[in-house]
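Q: the sequence isn't on hand, but the structure is:
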């Protein structure tokens, strides 16, 4: 299972304390030292909307560049893509929200308009030699309109897949999914985008994130997002708490016989370090409980 470390972006974007670029780069360095090889390093969004990501270029200028590590930059529009490309990302991830109301609040456009922007960005990225991936946010529930039906997600996925993404992710942005929904929704999307690798982005808001991760494994997902220390959230989604923790996820997978390439103990130390910097207790548990057997 490929682990995508999203702490430097999704983990930090909702924190009241804005860390300097040097600390963000150190978090990335610790993630790589723990074995992570794919990192969502930052987002290229308007600094007035997400001030925590205002230093995106400075972060990308300072990240270590091992040949086997890939960096993702999240973008929402063409201007964001142009900044990401100039900063030297290996991959751009575009977000399309499954519901119009959340998409409007997040990106100032409805879902169909954002799908058109995604098609443009996918073409630009391929021309620039950058991998284009897309995430369907609020794929299991919306904080404003409530339940999101599978058919709605499938139609967004079908439209997104028409632009040939290198990967398509479903995001449980507010942490409302349960394992049967995860299996059913992923298989439905796979039916309309059979050539596109799938990824799952989970939040542990209601303590179902790790069960959902295992359900995704059963459904054939190629990659899972996680955040060191379990930090994270969305500034535009009320009550959206942290991502599943990288250390807890990797401990579960490794103990279950699924290789991740990530050392859970090293990840736990990094998770504790970032939580201490933020002045909070990490939601992750491995750093407190320790591994087993000891």
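A: Cool, got the structure. Computed from a predicted structure; not experimentally measured.
Q: and the pLDDT for residue 165?
A: If you check residue 165, the pLDDT there is 98.
Q: tell me which helix or strand the closest residue in space to residue 167 that isn't next to it in sequence sits in.
A: Excluding the flanking residues, the one nearest residue 167 by CB to CB, 6 or more residues apart in numbering is residue 133, at 4.2 Å. For glycine as for every other residue, the C-beta is placed from the backbone atoms N, C-alpha and C. Per DSSP states H and E, residue 133 falls inside strand 131-137.
Q: remind me what the longest helix anywhere in the chain packs against, helices and strands.
A: Ranked by residue count under DSSP state H, the longest helix found in the chain is helix 111-127. Judged by 3 or more CB pairs under 8 Å, 6 or more residues apart in numbering; DSSP states H and E, the packing partners of helix 111-127 are helix 78-87, strand 91-97, helix 100-107, strand 131-137, helix 150-161.
Q: what residues does the strand holding residue 133 touch?
A: Outside of strand 131-137, the residues within contact range by CB atoms under 8 Å, 6 or more residues apart in numbering are 70, 72, 90-98, 102, 106, 118, 121-122, 125-126, 153, 156-157, 160, 163-171, 173, 199, 201.
Q: before we move on, what about stretch 33-41?
A: By CB under 8 Å, 6+ apart, stretch 33-41 touches 2-6, 8-10, 24, 28, 31-32, 59-60, 63, 68-74, 89, 93, 223, 225, 246, 260-263, 266-267, 269-270.
Q: quick revisit: angle of the longest helix of the chain against helix 100-107?
A: Interaxial angle, helix 111-127 versus helix 100-107 (axes from the mean of the first three to the mean of the last three CA atoms, to 10 degrees): 50 degrees.
Q: quick check: angle from helix 111-127 to helix 150-161?
A: Using the same axes, to 10 degrees: helix 111-127 against helix 150-161 is 30 degrees.
Q: of all the helices and strands packed on helix 111-127, which one is nearest residue 45?
A: Residue 45 lies closest to helix 78-87 among those, at 6.1 Å (CB to CB).
Q: can you give me how far that closest one is from the chain middle?
A: Averaging C-alpha positions (CA atoms, centre = their mean, to the nearest Å) puts helix 78-87 18 Å from its chain's average.
Q: residues contacting residue 266?
A: By CB under 8 Å, 6+ apart, the residues touching residue 266 are 30, 33-35.
Q: just the ones of the residues you listed in helices?
A: Mapping those onto helices (DSSP H) picks out 30, 33-34.
Q: count the neighbours of the residue nearest to residue 167 for me.
A: If you count neighbours by other CB atoms under 10 Å, residue 133 ends up with 23.
Q: and for residue 49?
A: Neighbour tally, residue 49, other CB under 10 Å: 14.
Q: tell me the pLDDT of it.
A: Residue 49 carries a pLDDT score of 89 in this model.
Q: any idea which element it lies in?
A: Using DSSP H and E, residue 49 maps to neither a helix nor a strand.
Q: what's the neighbour count on residue 150?
A: Residues lying near residue 150 (other CB under 10 Å) number 15.
Q: go on, the one 3 residues further on?
A: Counted with other CB under 10 Å, the burial measure for residue 153 works out to 22 neighbours.
Q: close enough to count as contact, it and residue 189?
A: Yes. Residue 153 lies in contact with residue 189 (CB atoms under 8 Å); the separation is 6.7 Å.
Q: pull up the overlap in contacts between those two.
A: In contact with both residue 153 and residue 189: residue 170, using CB under 8 Å, 6+ apart.
Q: hmm, back to that, from residue 2, how far out is the residue nearest to residue 167?
A: As judged by CB to CB, to the nearest Å, residue 133 and residue 2 stand 12 Å apart.
Q: ok, now residue 221?
A: Counting by CB to CB, the gap from residue 221 to residue 2 is 9 Å.
Q: circling back: from the contacts of stretch 33-41, which land in helices?
A: Per DSSP H, helices hold the following members of the contacts of stretch 33-41: 24, 28, 31-32, 59-60, 246, 266-267, 269-270.
Q: could I get these as JSON lines with pLDDT and distance to residue 14?
A: Output for those, formatted as JSON lines (pLDDT from 0 to 100; distance: CB to CB, whole Å):
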{"residue": "24", "pLDDT": "98", "distance to residue 14": "14"}
{"residue": "28", "pLDDT": "98", "distance to residue 14": "18"}
{"residue": "31", "pLDDT": "98", "distance to residue 14": "18"}
{"residue": "32", "pLDDT": "98", "distance to residue 14": "23"}
{"residue": "59", "pLDDT": "98", "distance to residue 14": "17"}
{"residue": "60", "pLDDT": "98", "distance to residue 14": "21"}
{"residue": "246", "pLDDT": "98", "distance to residue 14": "17"}
{"residue": "266", "pLDDT": "98", "distance to residue 14": "25"}
{"residue": "267", "pLDDT": "98", "distance to residue 14": "20"}
{"residue": "269", "pLDDT": "98", "distance to residue 14": "23"}
{"residue": "270", "pLDDT": "98", "distance to residue 14": "19"}
